[in-house]
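S.K.: model this:
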Amino acid sequence: MLAQAIKRRLGKEENQKGFTLIELLAVIVILGIIAVIAIPLIGGIINNSKDDSDLATARQIYEAARLYVIGERGGDFTVGNVTLTELQDSNYIEKNLVLPSTKVPITPGGTAVSFNTDGTLNNVMIQPKPAGAATGGVYLAKEILGTKDAPKPEDGNIE
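M.R.: Coordinates of the predicted model:
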């Protein structure tokens, strides 16, 4: 008789079904904790993909400029800058170019690819400045080409 009374007080009877309020609250708390952890991570992934898409647009402009210099300037990369206006007027890139991160049209007059006097890529400047761009819309050659900084001769690691 005592065992039945304790069983009745502490647990469910055999024919009782469903969840207690405590069990439901525990599940809600666990889901809340998961949401608090997951939402910032997803936001970071979205921001990284926007930055990557803007970089891909800068690479697209660089590749169009490279083809333009080869086709229109006889391969002389030492000339200096190639503007987006030149690329669009010569049909090397589409006219309605937009930044993927903001969907804002890219300004042809303020966007250019800059080559050094030795013919290597210096940078790609995009106007207006992409959202979240730490460089202010200027992508350096190492970002565009996906290379690391060249080792210095004193390092002894030149291959």
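
S.K.: elements contacting the helix or strand containing Gly43?
M.R.: Under the criterion of DSSP states H and E, Gly43 resides in helix 21-72. With contacts taken as 3 or more Cβ pairs under 8 Å, 6 or more residues apart in numbering; DSSP states H and E, helix 21-72 sits against strand 81-83, helix 84-89, strand 112-115, strand 121-125, helix 141-145. Quick note: C-beta positions are derived from backbone N, CA and C, even for glycine.

S.K.: in the third one, what counts as buried?
M.R.: Of the residues in strand 112-115, those scored as buried under the neighbour-count criterion (16 or more other Cβ atoms under 10 Å) are Ala112, Val113, Phe115.

S.K.: hang on, the earlier thing: can I get the helices and strands packed on helix 21-72 in JSON lines with mean pLDDT and distance to Asp51?
M.R.: Below are these laid out as JSON lines (pLDDT from 0 to 100; distance: least, Cβ to Cβ, whole Å):
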{"stretch": "strand 81-83", "mean pLDDT": "93", "distance to Asp51": "24"}
{"stretch": "helix 84-89", "mean pLDDT": "94", "distance to Asp51": "20"}
{"stretch": "strand 112-115", "mean pLDDT": "93", "distance to Asp51": "19"}
{"stretch": "strand 121-125", "mean pLDDT": "92", "distance to Asp51": "14"}
{"stretch": "helix 141-145", "mean pLDDT": "89", "distance to Asp51": "10"}
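
S.K.: Go through these and name the closest to Asn48.
M.R.: Nearest to Asn48 among the helices and strands packed on helix 21-72 is helix 141-145 (14.2 Å), distances taken as Cβ to Cβ.

S.K.: Just the CA trace of the closest one, in CSV.
M.R.: C-alpha atoms of helix 141-145 as CSV (Å, rounded to 0.1, in the frame of the first residue of the first chain):
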residue,chain,number,x,y,z
ALA,A,141,46.6,41.6,-56.4
LYS,A,142,47.1,38.9,-53.8
GLU,A,143,43.3,38.9,-53.2
ILE,A,144,42.4,38.8,-56.8
LEU,A,145,44.9,36.3,-57.8
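
S.K.: one step back: what is the mean pLDDT for the helix holding Gly43?
M.R.: Here helix 21-72 scores 91 as its mean pLDDT.

S.K.: hmm, back to that, so which of the helices and strands packed on helix 21-72 gets nearest Val98?
M.R.: In terms of Cβ to Cβ, the element of these nearest to Val98 is helix 84-89, at 12.3 Å.
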